[in-house]
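Undergrad: the following block contains a protein sequence and its predicted model.
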Amino acid sequence: ASPGAEWRSHGFDDAGTRFSPLKQITPANVKDLGLVWSYDLESTRGVEATPIVVDGVMYVTAPWSVVHAIDVRSGRRLWTYDPEVPRAHAKNACCDVVNRGVAVHKGVVYVASLDGRLVAIDAASGKRRWEQDTIIDRARPYTVTGAPRVFKDKVIIGNGGAEYGVRGYITAYDADSGRQAWRWFAVPGDPSQPFEDESMAKAAKTWDPSGRYWEAGGGGTMWNSMVFDPELNLMYVGTGNASPWSHRQRSPGGGDNLYTASIVALDPDTGKYVWHYQETPGDNWDYTSTQDLILADLRIDGKLRKVVMHAPKNGFFFVVDRTNGAFISAKNFVPVNWAKGYDRNGRPIEMPGARAVEEPFDAVPGPFGAHNWHSMSFSPQTGLAYFPAQNVPLVLAEDKTWRHNQAQAGQPMAGIGWNLGMQVNSRAPTSQPFGRLIAWDPVKQKEVWRKEHVSPWNGGTLVTAGNLVFQGTADARLIAYDARDGKELWSSPMGTGVIAAPVSYEVDGRQYVSIAVGWGGVYGQTQRATERNIPGTVYTFALGGKAPLPEFAHRQLNALVGGVAYDPADVAAGTALYVSNCVFCHGVPGVDKGGNLPNLGYSAPETIEHLERFVFKGPYMARGMPDFSGHLSDEDVRKIKAFILGTADAVRPKK
Ligand SMILES: O=C(O)c1cc(C(=O)O)c2c(n1)C(=O)C(=O)c1cc(C(=O)O)[nH]c1-2
Ligand SMILES: [Ca+2]
């Protein structure tokens, strides 16, 4: 088989390049790309997985961490493995019940379940070999959405939950036995207790203990990116935002709050900290640094440098020396208003007011990020990095009344356990949403070409030695571009909006491109850019493919809800309750259109009239809807109804 015939790991290789060396498909012949098979993932929520293809078998995950093994020659199911995630765990997931895929190593498939179990599955039979609980404290709302990685016969997995209040860590397990090898925390725990290691003692000096940061966990969750350099024997991980979001609420005296929003290098054998570079000191905006890291050797100022490249949420493209963490350069890849740039020491020059302490601040980028988890790729042929960039407007304002787990009406999602220390959209944002594909030169730190899309939240990228970039879009297309100049060369409609990244591999001498599709993720729960809506699906293309696309279902937005009695005097209180229990899943009624979850402004009148039937032990608990028994009263639900109905009335066109 040719090099790169298989897609063996999440980012294609340990460096995370997502650069396929295959070149049967070229700019000249890509017009003949056609469907070979499609496969029904039988799901309705976000599909974020990068398929792994080994030995003619594709291993891909659906929502709820369900693994599917597919014969790539026929597109037929070999087996599925369902870790049976308790549906009540969905309320702990900030950003949809997603999973980014598996690792495959020596005949074993590894998946991490949304509720935090790492499962080893026999690749041939689909039977479980072992399972480990990766969660240190079940009283905390940890979730796992990321794909495990295997470096040096160890399976490594982190977790998420920094919107709720957790302490981030990653754990390595022996791939064969499942025994724990090491664990590294991203932030210090209670400083009155012994520190786990020296890196924690050092980090604790950058937090103000008067904020009792350990109660809210501190954050630094490592929920997405990990790469490995075997020569340097270093692994790299991106850490998440600090928790709560408000810097002053968690660390009143300031401080950088290490190691949140950082790139960290660890010894893969021991988990020992080696170096870090913090991209957003004293994070205040949910600026995670968990976006895909890519390792490359670049000629910069005449010298070949071993670098790590990164386009995190905060809107700057970073090039860092991966031997020692030295800052090389940073340049904004979208307009940003929180910092003017980076100084020579690699510290951001912040803009006044950006911390939203006195006045609300329309942060650009907002907490959805200028680039989120959607995969980046890098071609050594073009020297360019390809990634989806965006803005999703959101106004932040420090919430001076916030206390950990003391939910008050009006605090975003606090009713189900969120702890932001921030109010959102206390006034309407004026910044503009956009989504685009960017081809970025990391040496010159400049955009080389771009493609505007119709909305934010587009898919990750694949680049090939045939000089093609593949990307799926929010408006349900898979597109091939010329990697050199961005010329659009081919596209196919998809059954729904695309967020995951395509992969390429070769079987029996034929190059394939596959993509797992299913609209969702954090933005995709409440918004959408296409009416096309079919279950999660894997599409596989090759030159000369002639299979028909599956029939596409379309949804129709119902009429705005109305005709149900309510008391307008309840609307204000209902607004606050809706914000603290419903808004990040169901969106703003009648304003958003709904994504993979319904917008209640377009519900049937009977649904809103009898909303308590859905809120208390309702039928959708089986799909992840929380049971609000004991959390909301009948009176609360009456007020929430008034908000939904009142908002629908307010946006209804006047006759
Ligand atoms: O702080 C965290 O622990 C955490 C976890 C996750 C996650 O695990 O999905 C996301 C985020 N944060 C986040 O900030 C974010 O924007 C986000 C988007 C998505 C997604 O899958 O669409 N997950 C997450
Ligand atoms: Ca986050």
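TA: Received it, and whenever you're ready, just let me know what you need. Ligands and ions are numbered 1, 2, ... in the order given.

Undergrad: for the residue nearest to the spatial centre of the chain, give me its contacts.
TA: Nearest residue to the geometric centre of the chain (CA atoms, centre = their mean): residue 373, 3.9 Å. Residues in contact with residue 373 (CB atoms under 8 Å, 6 or more residues apart in numbering) are 48, 100, 224, 290-292, 460, 521. The C-beta positions use only the backbone N, C-alpha and C, and glycine is treated the same way.

Undergrad: same deal with residue 564?
TA: Shown in contact with residue 564 (CB under 8 Å, 6+ apart): 605, 608-609, 641, 645.

Undergrad: please apply the same query to residue 72.
TA: By CB under 8 Å, 6+ apart, the residues touching residue 72 are 53, 56-58, 505, 507, 512, 514, 540.

Undergrad: got the contacts of residue 564 as JSON lines, with pLDDT columns?
TA: Formatted as JSON lines, the contacts of residue 564 follow (pLDDT from 0 to 100):
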{"residue": "605", "pLDDT": "97"}
{"residue": "608", "pLDDT": "98"}
{"residue": "609", "pLDDT": "98"}
{"residue": "641", "pLDDT": "98"}
{"residue": "645", "pLDDT": "98"}
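
Undergrad: with secondary structure and neighbour count added, can I get those residues in CSV?
TA: Formatted as CSV, the contacts of residue 564 follow (DSSP: H, G, I helix; E, B strand; the rest coil; neighbours: other CB atoms under 10 Å):
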residue, secondary structure, neighbour count
605, helix, 14
608, helix, 23
609, helix, 17
641, helix, 26
645, helix, 29
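
Undergrad: picking that back up, out of the contacts of residue 72, who's nearest ligand 1?
TA: residue 514 (20.0 Å; CB to the nearest ligand atom).

Undergrad: the closest one and residue 52 touch, don't they?
TA: No: here residue 514 does not reach residue 52: they are 10.6 Å apart, not a contact under CB atoms under 8 Å.

Undergrad: which neighbours do the two have in common?
TA: Taking CB under 8 Å, 6+ apart as the criterion, residue 514 and residue 52 both touch residue 58.

Undergrad: contact residues of this protein facing ligand 1?
TA: Contact residues (CB under 6 Å from any ligand atom) of the chain with ligand 1: 48, 94-96, 98, 143, 145, 160-163, 221, 223, 240-241, 286, 288, 368-369, 372-373, 521-522.

Undergrad: by proximity to ligand 2, which residue of the stretch 501-650 of the chain wins?
TA: residue 522 (8.8 Å; CB to the ion).

Undergrad: does that residue sit in a helix, a strand or a coil?
TA: helix (DSSP: H, G, I helix; E, B strand; the rest coil).

Undergrad: related to what we said a few turns ago, is it possible to get CSV of the contacts of residue 564 that adds distance to ligand 2?
TA: Formatted as CSV, these follow (distance: CB to the ion, whole Å):
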residue, distance to ligand 2
605, 36
608, 31
609, 36
641, 31
645, 32
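
Undergrad: make JSON lines from the contacts of residue 72 and add pLDDT, secondary structure and neighbour count to it.
TA: As requested, the contacts of residue 72 are exported to JSON lines (pLDDT from 0 to 100; DSSP: H, G, I helix; E, B strand; the rest coil; neighbours: other CB atoms under 10 Å):
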{"residue": "53", "pLDDT": "98", "secondary structure": "strand", "neighbour count": "24"}
{"residue": "56", "pLDDT": "97", "secondary structure": "coil", "neighbour count": "15"}
{"residue": "57", "pLDDT": "98", "secondary structure": "strand", "neighbour count": "20"}
{"residue": "58", "pLDDT": "98", "secondary structure": "strand", "neighbour count": "25"}
{"residue": "505", "pLDDT": "98", "secondary structure": "strand", "neighbour count": "26"}
{"residue": "507", "pLDDT": "97", "secondary structure": "strand", "neighbour count": "19"}
{"residue": "512", "pLDDT": "98", "secondary structure": "strand", "neighbour count": "26"}
{"residue": "514", "pLDDT": "98", "secondary structure": "strand", "neighbour count": "28"}
{"residue": "540", "pLDDT": "98", "secondary structure": "strand", "neighbour count": "24"}
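
Undergrad: what about the helices in the protein?
TA: Ranges of helices within the chain are 198-204, 247-250, 521-524, 571-581, 583-586, 605-609, 612-615, 634-651, based on DSSP state H.

Undergrad: show me the residues of the chain next to ligand 1 that map onto strands.
TA: Counting by DSSP state E, no part of the residues of the chain next to ligand 1 is found in strands.

Undergrad: if any of these are buried, put those into a ChimeraX selection.
TA: Selecting only the buried entries of the residues of the chain next to ligand 1 in ChimeraX, with 16 or more other CB atoms under 10 Å as the criterion:
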select :48,94,95,96,98,143,145,160,161,162,163,221,223,240,241,286,288,368,369,372,373,521,522
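
Undergrad: go ahead and confirm residue 353 touches residue 359.
TA: Yes: here residue 353 reaches residue 359: they are 6.3 Å apart, a contact under CB under 8 Å.

Undergrad: could you dump the helices of the chain to a markdown table with distance to residue 482?
TA: Converted to a markdown table, those look like this (distance: least, CB to CB, whole Å):
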| stretch | distance to residue 482 |
| --- | --- |
| helix 198-204 | 45 |
| helix 247-250 | 43 |
| helix 521-524 | 28 |
| helix 571-581 | 45 |
| helix 583-586 | 38 |
| helix 605-609 | 48 |
| helix 612-615 | 49 |
| helix 634-651 | 43 |
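
Undergrad: among those, which comes closest to residue 266?
TA: For residue 266, the closest of those is helix 198-204, at 9.3 Å, according to CB to CB.

Undergrad: any residues touching the closest one, and which ones?
TA: With contacts defined as CB under 8 Å, 6+ apart, helix 198-204 is touched by 184-185, 187-189, 191, 195, 258-259, 272-273.

Undergrad: these: which two are farthest apart?
TA: 191 and 272 (20.6 Å).

Undergrad: skipping adjacent residues, who's closest to the residue of the stretch 501-650 of the chain closest to ligand 2 in space?
TA: Leaving out its chain neighbours, the residue that sits closest to residue 522 by CB to CB, 6 or more residues apart in numbering is residue 95, at 3.6 Å.

Undergrad: per-residue pLDDT of the one you found, please?
TA: On pLDDT, residue 95 comes in at 98.

Undergrad: residue 1 too?
TA: On the pLDDT scale, residue 1 gets 61.

Undergrad: one more: the one 5 residues further on?
TA: The per-residue pLDDT reported for residue 6 equals 98.
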